[in-house]
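Novice: how does the following fold in three dimensions:
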Amino acid sequence: MEGHLKEAIDVGFKFSTPVSYSDDTNTSPKLSSVLLNEFNYLPWSRAITIALGGRSKLSFINGSTVSPEVNDPEYEAWLSKDQLVMSWILNSMERNLAEIFSFSESSSDLWKAIRDMYGNQNNSAVSSIYLYIVLLKQIRNFLPFRKLFLYLSHFL
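Specialist: Next up is the predicted model:
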């Protein structure tokens, strides 16, 4: 009985011990099944940030991990991890887009360049939805609900 109790305590202790994330054991080239194209930046960026967060690498693209000086002993380790993050991001893009962004200097620069290029595309969609809502408010008194539904179905 004592042996089983000690084993259970040991197992519990192993799970409560902090896990070291210094090793990059998950080096799969794909972060997400969502590939960036010209039209899906918002869901793609969300999928990538979740995946990088799950690998404890989100700090490489959000600016909280900065590059050490080249002569710093930590530079090689940082560069290795940063290039791993860059490869994950580039492999989560359609080939033609990955070729455009492949010359970025760091994963942070890569992320900023992608955001600058595609991050505002959703503003037009939001504007369109807003215009539809305004239009609906204006015409709701003139059209019966069924006709209004049919009218909206053309925009979906």
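Novice: for Ser56, what is the enclosing helix or strand?
Specialist: Ser56 belongs to no helix or strand when elements are defined using DSSP states H and E.
Novice: which helix or strand in the protein has the lowest average pLDDT?
Specialist: helix 2-16 (a mean of 43; mean pLDDT, DSSP states H and E).
Novice: what's the helix or strand following that one packed up against?
Specialist: Sequence order places helix 41-54 as the next helix or strand after helix 2-16, per DSSP H and E. Packing contacts for helix 41-54, counted by 3 or more CB pairs under 8 Å, 6 or more residues apart in numbering; DSSP states H and E, involve helix 59-62, helix 75-90, helix 107-118, helix 121-139. Using the backbone N, CA and C atoms, a C-beta is placed for each residue, glycine as well.
Novice: mean confidence for the shortest one?
Specialist: What that stands for is helix 59-62. The average of the pLDDT scores along helix 59-62 is 94.
Novice: list the buried residues of it.
Specialist: Neighbour counts over helix 59-62 (16 or more other CB atoms under 10 Å) mark Phe60, Ile61 as buried.
Novice: packing partners of that helix?
Specialist: Applying 3+ CB pairs under 8 Å, 6+ apart, we find helix 59-62 packed against helix 41-54, helix 75-90, helix 107-118.
Novice: can I get the ones you listed in a markdown table with distance to Ile61, mean pLDDT and mean neighbour count?
Specialist: Formatted as a markdown table, the helices and strands packed on helix 59-62 follow (distance: least, CB to CB, whole Å; pLDDT from 0 to 100; neighbours: other CB atoms under 10 Å):
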| stretch | distance to Ile61 | mean pLDDT | mean neighbour count |
| --- | --- | --- | --- |
| helix 41-54 | 7 | 92 | 16 |
| helix 75-90 | 7 | 95 | 17 |
| helix 107-118 | 4 | 93 | 18 |
